[in-house]
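Chemist: Give me the fold of what follows.
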Amino acid sequence: MRTFFPSDSCKESQLNAINPQSWLQVERGKLSKFSSSHMASSSIESFIKVPEPPILPFFKPIDYVEVLAQIHEELESCPPQERSNLYLLQVQIFRGLGETKLMRRSLRSAWQKAASVHEKLVFGAWLKYEKQGEEPIADLLATCNKCAEEFGPIDVVSQLPIEVNGSSQETVVMNGDKSLKYVNFKIGDEKIVCYRQKIASLSAPFHAMLNGHFNESLCEDIDLSENNISPSGMRAIGEFSMTGSLSEVLPDLLLEILVFANKYCCESLKDACDRKLASLVCTRDDAVELMEYAIEENSPVLAASCLQVFLHELPDCLNDEQVVEIFSHANKQQRAIIVGQASFSLYCLLSEVAMNLDPQSDKTVCFLEQLIESAETDRQRLLAFHQLGCVRLLRKEFDEAESLFDAAVSLGHVYSISGLARVGYIKGHKRWSYEKLSSVISSVNPLGWMYQERSLSCEGDKRWEDLEKATELDPTLTYPYMYRAASLMMKHNVQDALAEINRVLGFKLALECLELRFCLYLAIEDYKAAICDVQAILTLSPDYRMFEGRVAASHLRTLVREHVDDWTTADCWMQLYDRWSSVDDIGSLSVIYQMLESSGTKGVLYFRQSLLLLRLNCPDAAMRSLELARRHACCEHERLVYEGWILYDTGHCEEGLRKAEESIKIKRSFEAFFLKAYALADSSLDQSCSSTVISLLENALKCPSDNLRKGQALNNLGSVFVDCRKLDSAAECFINALKIRHTRAHQGLARVHFLRNDKAAAYEEMTKLIERAKNNASAYEKRSEYCDRELTKADLDMVTRLDPLRVYPYRYRAAVLMDSYKEKEAIAELSRAIAFKADLHLLHLRAAFHEHVGDVSGALRDCRAALSVDPNHQEMLELHSRVNSHEQ
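Modeler: Okay, the predicted model is just below:
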């Protein structure tokens, strides 16, 4: 979910209403003191309090690898119409794992494999919703004479097949007079002359009326005045009976004819009306009005066209009560008209959008109730029950939430036990909650969330122990770090508290953790550090609100800023230089945020901001900054560079290169040459392009720029020289980069020492980087390559402590264990990381280990799960083929 999904129980223990002015006076020197000498724990607790972790509305199987493997196996043999639902299940698993990139790839697969127009509409709209903010990319591609692949709109009319029941009626006169060639339909005072047999051919009722045993078969005049059809409408019907076309008919008349056609079972006429009306749907107002007719008259083409308009306008259209009403109260038959067989997929999408807008809203509940009704398999039902249980819990509807969680558990969703335990905890049944979770922990391979949830029912040391175990099993959970940091602060262990929260911020830039650290700094009156964190928060989320949404972060920044000295532009550049050089990415973000307030060269600063955000693994925020850089570019050649980076970062490398070349034609600039060199080096496997990249970087270094960027260019140039084995030139580049304090160049220089067979010098060089870099997990990992096995192990253990998401240390330790014939321990080492990170390389290695020990089923399971992560990985495909042949 895009928004914070707070637990309901955390609101039971909320802070007292916070008035920031009470602890942050605007006037300097009037700030109430919180120093440890006279700071009571209750004073700290008044604003340093950690909300309980939310029960997440995600599908979280006990063994996601097993489920992914099952899905992959089913995809190999299932009918085409079932594939999109299987990919949708993949989407839900990857979402629960926090793997956004993998989730979007599975969503794209669901769109590509859609077996119906309705699925195409739903998954296309979902992809568009996921990529909100990337709309300018289509415009940029258009400037390169390339069309963006869009996920709508599509031509619904041509995509849906014509389904007319029965064939044209035979013109056999059963009882009538053969001389009656025409029939006159009287409507009021007017007569509409039609060809009798043409009208008879429209439907069985008309055929029976005009050629059968009814009195009308003998009549030349037939009165249709009481059938809600106007003379104009009847003339259009007569014309259609002759031509099969409604091309000149006005929309209001089409609606009239549609109702008439439905009444008299004129399938071809109805289908023509359906399609003609569908082609006229342009706006949301059109869609709202016409969807009512589509449902009433069972017009699937018109309904699909209206649906497309609604989905194209997500999320805004869910603020329209008329649209919400249509989706909220549709019964099974109406859902089939609206979205065919894709009802579950539709309500999955609508529920997610509604939860992101307001998880406690009535429309969220309505959509989730529809999701339950649309579910056809146990997997679908357990997800729907769990999600509605989470929403009911937020709304404090505890009995309903309990019932829903219980239903999800009965279908096999063990994670929903956390919801049952939370409800029990809220109702005061702590012992029951503790025992419920203890039973789960003892019956399955335990996961971090189990200990985290059980900790809420404990106190003191037991709670601490459970949270330590939660971190051991799943270091990505933020609540344990936050709880420990807050607890240490209550005991006045300031440095330990900061060290604890810094542990998680070292590898996961979570807003709630930055907020807590901000509060810790306030408590010790370190306002420089506090403003650094709040400015980083505002960079990541400009509208962020602190203290459970009560106070805007921007307001807190205003208050804190009164207690720090103002920086001149020169001061800001010095601070940025120092923090960039010490690899303090959060600190650098903060300085840039401050510089943006006063600097006239905003484009350059937003661009620097985007580089930092990419380094911090915040791609969406980085793209937002790049777009701001483009918007604030001071000249055309600068704008072209930012456009080039936007295209490059979204996978359009050739178009990015073209933008760089256009920029160079206007003006030879550092950034244009750098972009072209970077994109060319990254996209070409041809070694002959190295000389071109070297030339481009040398040209970049001849252009004006600051040392921050020149250091990066020198570092990149040195890396290219290393690849070309021009070690002396590489060393010169790295040394020059270090002279202007580009600290990361130590890593390149270490590589040069290693290639010169001087491992000791390489080790020493990496040690310098470790000492100077604030974020140094990658430096420890790289240094491990330049020492003996014991020191390597120590360095890689440090990497895992600093950043447990880096997978190389697990793979190395597992390989060492395998070499020592400790197969079980080797597999366990990989399993430890796989439990919280769906990584191709970990799964690949574990599959190979399983194959080595003869566990064919385990190897096949890991192969299938790995191919769910990357379906086109060649080595994985070969291993899968080999293992699969063993099983057969």
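Chemist: hey, let's count contacts and neighbours off CA atoms from now on
Modeler: Noted.
Chemist: pLDDT wise, what is residue 204 at?
Modeler: If you check residue 204, the pLDDT there is 91.
Chemist: correct me, but it touches residue 263?
Modeler: No. Residue 204 lies out of contact with residue 263 (C-alpha atoms under 8 Å); the separation is 11.7 Å.
Chemist: Those two: who's more crowded?
Modeler: Between residue 204 and residue 263, counted using other C-alpha atoms under 10 Å, residue 204 has the larger neighbour count: 19 against 13.
Chemist: mind checking how far the more buried one is from residue 774?
Modeler: Residue 204 is 82 Å from residue 774, where distance means C-alpha to C-alpha, to the nearest Å.
Chemist: Could you measure from residue 232 over to residue 262?
Modeler: Distance of residue 232 to residue 262, given as C-alpha to C-alpha: 18 Å.
Chemist: How about residue 122?
Modeler: 28 Å.
Chemist: Just confirm residue 245 is within a helix.
Modeler: No. Counting by DSSP: H, G, I helix; E, B strand; the rest coil, residue 245 is not part of a helix but coil.
Chemist: can you tell me how far it sits from residue 596?
Modeler: Relative to residue 596, and taking C-alpha to C-alpha, residue 245 is found at 62 Å.
Chemist: ditto for residue 676
Modeler: 27 Å.
Chemist: who has more neighbours, the two?
Modeler: More crowded of residue 676 and residue 596, by other C-alpha under 10 Å: residue 676, with 27 against 15.
Chemist: who touches the host helix or strand of that one?
Modeler: Per DSSP states H and E: residue 676 is located in helix 670-683. Residues outside helix 670-683 that contact it (C-alpha atoms under 8 Å, 6 or more residues apart in numbering): 638, 641, 644-645, 648, 653, 656-657, 660-661, 663-664, 689-690, 692-694, 696-697, 699-705, 713.
Chemist: most centrally placed residue in the protein?
Modeler: For the chain, the residue nearest the mean C-alpha position is residue 100 (4.5 Å; C-alpha atoms, centre = their mean).
Chemist: And the helices in the stretch 601-750 of the chain?
Modeler: 602-615, 619-631, 636-649, 653-666, 670-683, 690-702, 707-723, 727-739, 745-755 (DSSP state H, counting those that start in this stretch).
Chemist: can you tell which of those is closest to residue 85?
Modeler: Among those, helix 619-631 comes nearest to residue 85, with 27.1 Å by C-alpha to C-alpha.
Chemist: Just the angle for that closest one relative to helix 602-615, thanks.
Modeler: Helix 619-631 runs at 160 degrees relative to helix 602-615, counting by axes from the mean of the first three to the mean of the last three C-alpha atoms, to 10 degrees.
Chemist: okay, helix 619-631 in CSV with CA atoms only?
Modeler: What follows is helix 619-631, C-alpha atoms only, in CSV (Å, rounded to 0.1, in the frame of the first residue of the first chain):
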residue,chain,number,x,y,z
PRO,A,619,13.5,5.1,-7.3
ASP,A,620,10.0,6.8,-7.2
ALA,A,621,11.3,9.8,-5.2
ALA,A,622,14.3,9.9,-7.5
MET,A,623,12.1,10.1,-10.6
ARG,A,624,10.1,12.9,-9.0
SER,A,625,13.3,14.8,-8.4
LEU,A,626,14.4,14.3,-12.0
GLU,A,627,11.2,15.6,-13.3
LEU,A,628,11.6,18.7,-11.0
ALA,A,629,15.1,19.1,-12.4
ARG,A,630,13.7,19.0,-15.9
ARG,A,631,11.0,21.6,-14.9
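Chemist: For it, give me every contacting residue.
Modeler: For helix 619-631, using C-alpha under 8 Å, 6+ apart, the contacting residues are 133, 540, 602-607, 609-614, 638-640, 642-643, 645-646.
Chemist: repeat for stretch 335-345
Modeler: 85, 88, 118-119, 122-123, 294-295, 298-300, 303-304, 307, 346, 371, 374-375, 380.
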